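> mind folding the following:
(one chain, ligands or ions: 2)
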Amino acid sequence: MSLIKIDGLKRHYEMTSGTVKALDGIDIEIEQGERVILLGPSGSGKTTLLNCLSALDSPTDGTYSFDGNEVPRNDSEKMTSFRRENIGYVFQFFNLLQDLTVRENIQLIQELSGKKDPQRALELLELVGLENEVDRFPGEISGGQQQRVAIARSIAKRPSLLLGDELTGNLDTETSRKVMDALVKACEKEQITSVFVTHDESLVRYATRVIRIDSGKIMSDERVNAE
Ligand SMILES: Nc1ncnc2c1ncn2[C@@H]1O[C@H](COP(=O)(O)OP(=O)(O)OP(=O)(O)O)[C@@H](O)[C@H]1O
Ligand SMILES: [Mg+2]
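Ligands and ions are numbered 1, 2, ... in the order given. As a prediction, this is how the structure comes out:
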């Protein structure tokens, strides 16, 4: 069974000037373990699609099932618990808590999801290559290192699906590479399925599948880098 199955997904906005078709009939099936890169011009619907996948937003039409279950919509409590149970999110701006150390940033998330595990927090930081920075504060490490803390944090609760929107958007090429390497390694080890939005074609080499969208529709969908 696929992890994600969406059919005819639409997200339309009714504006006084007319209907904005942010998503206009999207069909995608994603198997567990796939690493999808979502490419498309500005305004093509990428963020809207991520928001629908994570149940931050409700589609206006179509179906979406996750692990065989219909994903809740138009019910913020049910949507929140769906997100809490299943979704990890990495942001462009790392959103680390500045008054907590690297280690504490990870542990806080574990505590919030009721899965406190200091050993695992350390293992995750090792996985992203930050074993020597655990007791520093975010202000005392580089941007790429902060993004790797954010990755460790996003997988700390063992999400089945990890989403990222321009997560290397603020990083230089070399740092992006380090962050993506850490991410791929973490997803493989933890068997996490991922969907990342980017403008950066060079990130395609980290994906197992590339989906291009434009004007709320899929333009192409191909498997890449088959092993
Ligand atoms: N709240 C909203 N109300 C009306 N229209 C919206 C709203 N949010 C997004 N849109 C429109 O939906 C379309 C898709 O927006 P979306 O943010 O998904 O694009 P994107 O592909 O993520 O673009 P970018 O690469 O610039 O981040 C755009 O035309 C946008 O103007
Ligand atoms: Mg966007």
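> lowest confidence element among the helices and strands of this protein?
helix 173-190 (a mean of 88; mean pLDDT, DSSP states H and E).
> confirm Val204 sits in a strand?
No - checked against DSSP: H, G, I helix; E, B strand; the rest coil, Val204 lies outside a strand; its state is helix.
> that one touches Val210, doesn't it?
Yes - using Cβ atoms under 8 Å, Val204 and Val210 qualify as a contacting pair, with a distance of 5.5 Å. Every residue, glycine included, has its C-beta placed from N, CA and C.
> what residues does this protein have near ligand 1?
Applying Cβ under 6 Å from any ligand atom, we find that the chain lies next to ligand 1 at 13, 15, 20, 22, 40, 42-48.
> buried among those residues? Need that as a selection in PyMOL.
Buried residues among the residues of the chain next to ligand 1 (16 or more other Cβ atoms under 10 Å), as a PyMOL selection:
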select buried, resi 22+40+44+45+46+47+48
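> from the residues of the chain next to ligand 1, pick the one nearest Asn95.
Nearest to Asn95 among the residues of the chain next to ligand 1 is Thr47, at 16.0 Å by Cβ to Cβ.
> helix, strand or coil for that closest one?
Assigned with three-state DSSP, Thr47 falls in the helix class.
> just give the closest residue to it, not the sequence neighbours.
Closest residue to Thr47 apart from its sequence neighbours, by Cβ to Cβ, 6 or more residues apart in numbering: Asp165 at 5.8 Å.
> list the contacts of the one you found.
46-47, 50, 91-92, 196-197 (Cβ atoms under 8 Å, 6 or more residues apart in numbering).
> related to what we said a few turns ago, can you list residues touching both of Val204 and Val210?
Jointly contacting Val204 and Val210 under the rule Cβ under 8 Å, 6+ apart are 37, 39, 224.
> buried subset of these, written for PyMOL?
This is the PyMOL syntax for the buried subset of the shared contacts of Val204 and Val210, where burial follows 16+ other Cβ under 10 Å:
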select buried, resi 37+39
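> returning to that earlier point: can you list the buried residues in the least confident helix or strand of the chain?
Buried, per 16+ other Cβ under 10 Å, within helix 173-190: 175-180, 182-184, 186-187, 190.
> among the residues of the chain next to ligand 1, which two are most distant?
By the measure Cβ to Cβ, Met15 and Gly40 form the most distant pair in the residues of the chain next to ligand 1, at 21.0 Å.
> who is the residue most central in space within the chain paired with across the strands?
Nearest to the centroid of the C-alpha atoms of the chain, with distances taken as Cα atoms, centre = their mean, sits Leu163, at 0.9 Å. Going by DSSP bridges, Leu163 is paired in beta bridges with Tyr89, Val195.
> hmm, Cys52 and it touching each other?
No - at 10.7 Å, Leu163 does not count as touching Cys52 under the criterion of Cβ under 8 Å.
> now the strands for the chain?
Listed in chain order, the strands of the chain (DSSP state E) span 4-15, 18-30, 35-39, 61-66, 69-70, 87-90, 161-165, 193-197, 209-214, 217-223.
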